[in-house]
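Asks: Quick one: sequence and predicted model below, then my questions.
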Amino acid sequence: MDRKDFFSSGLQDLGRQAYRSPAGKWLDRNLQAMSNLLSPAWGFGISEAKPAPEAEESASIKKNRGYPRPPGALSDPVRFRKACTSCGDCIVACPHGSIFNIPDLYGPVLDPNHVACHLCADFPCIEACPEEALLPLEEGELPGFGRAEVHLEACLNHDRPRGARKCKACQDECPVEEVVSYNRKGMPSIEDHCTGCGICVEQCPSAAIRITW
């Protein structure tokens, strides 16, 4: 093991131990609560956190009705809950802090309206999962979290003066080709192969975009 790998592995082990400690779990819960409190107002409303199902509700493990799962998650909710131990390894491995944990019967999830998934080339969250609740994607395959929706009246191009430069922030920052296109008036539209990663939400200067799922 070279020096770089030694320190990388050591930091991951340290982060994993910190996350699993009582103090780490308390901090994780409270940081997520603070994130929800500071939820930004999108152009057409607040990004509302979908509540975790109650622990005694059997439907919570039969149907995923809340936040999207991390990349590579088993599509069958029952299989996912049997495989996932909520160990937190995917949370620690994510370099962007995109994954958080909902206790009890729900486990690791994302909210692309708060923190985007950056579609890492190596998907360290998948690599970190020891229980195979997150499985490697096929070559060229991308995870799907939802779909971006644009509130056109909030878009900077809606009231753009004649001759003014068109805002293309969502198209320029989108990691997937040909998802965003513009009509003759410069208004954006989102194609069906949008992954819902949330990067456009982070980059939109007028908070005109949100991800729905």
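Replies: All right, it came through fine. Residues are numbered from 1 along each chain as shown.
Asks: low-confidence ranges in the chain?
Replies: Where the chain drops to pLDDT under 70, the residues are 1-65, 104-105.
Asks: where along it do the strands fall?
Replies: With DSSP state E as the definition, the chain shows strands at residue ranges 41-42, 45-46, 99-102, 107-110, 147-150, 180-182, 188-190, 209-212.
Asks: highest average neighbour count across the ones you listed?
Replies: strand 107-110 (a mean of 24; mean count of other C-beta atoms under 10 Å). C-betas here are computed from N, CA, C, even on glycine.
Asks: which residues sit against it?
Replies: 66-70, 80-81, 84, 86, 88, 90-91, 98-102, 117, 145, 198 (C-beta atoms under 8 Å, 6 or more residues apart in numbering).
Asks: ok, Ser86 to Phe145 distance?
Replies: Plainly put, Ser86 is 20 Å away from Phe145 if you go by C-beta to C-beta, to the nearest Å.
Asks: more crowded one of these two?
Replies: Set Ser86 next to Phe145 and count neighbours by other C-beta atoms under 10 Å: Phe145 wins out with 26 against 18.
Asks: any idea how far Trp213 is from the more buried one?
Replies: Separation of Phe145 from Trp213 (C-beta to C-beta): 6 Å.
Asks: what do those two both touch?
Replies: 68, 196.
Asks: got a list of contacts for stretch 139-146?
Replies: For stretch 139-146, the surrounding residues in contact (C-beta under 8 Å, 6+ apart) are 68, 70-72, 110, 112, 117, 119, 137, 176, 195-198, 211-213.
Asks: domains for this protein, by residue range?
Replies: Annotated domains of the chain cover 3-128, 147-212 [automatic domain parsing].
Asks: and the shortest one, how far apart are its ends?
Replies: Read that as domain 147-212. This stretch, domain 147-212, spans 6 Å end to end (C-alpha to C-alpha, to the nearest Å).
Asks: Renumber starting at 873 from here on
Replies: With 873 as the first residue, the last one maps to domain 1019-1084.
Asks: quick one, helices of the protein?
Replies: 875-892, 894-909, 949-955, 961-965, 996-1000, 1041-1045, 1071-1075 (DSSP state H).
Asks: which helices and strands sit right next to the fifth one?
Replies: Helices and strands touching helix 996-1000, as assessed by 3 or more C-beta pairs under 8 Å, 6 or more residues apart in numbering; DSSP states H and E, comprise helix 961-965.
Asks: what helices or strands is the helix it packs on leaning on?
Replies: Packed next to helix 961-965, using 3+ C-beta pairs under 8 Å, 6+ apart, are helix 875-892, strand 971-974, helix 996-1000.
Asks: check contacts around the residue nearest to Cys962 when sequence neighbours are not counted.
Replies: Excluding the flanking residues, the one nearest Cys962 by C-beta to C-beta, 6 or more residues apart in numbering is Cys997, at 4.0 Å. The neighbourhood of Cys997, defined by C-beta under 8 Å, 6+ apart, consists of 942-944, 962-963, 965-966, 971, 1006.
Asks: what's the distance between the nearest residue to Ser1061 once chain neighbours are set aside and Cys1069?
Replies: Spatial nearest neighbour of Ser1061, chain neighbours left out: Ser1053 (5.6 Å); criterion: C-beta to C-beta, 6+ apart. Noted for Ser1053: a distance of 17 Å to Cys1069, by C-beta to C-beta.
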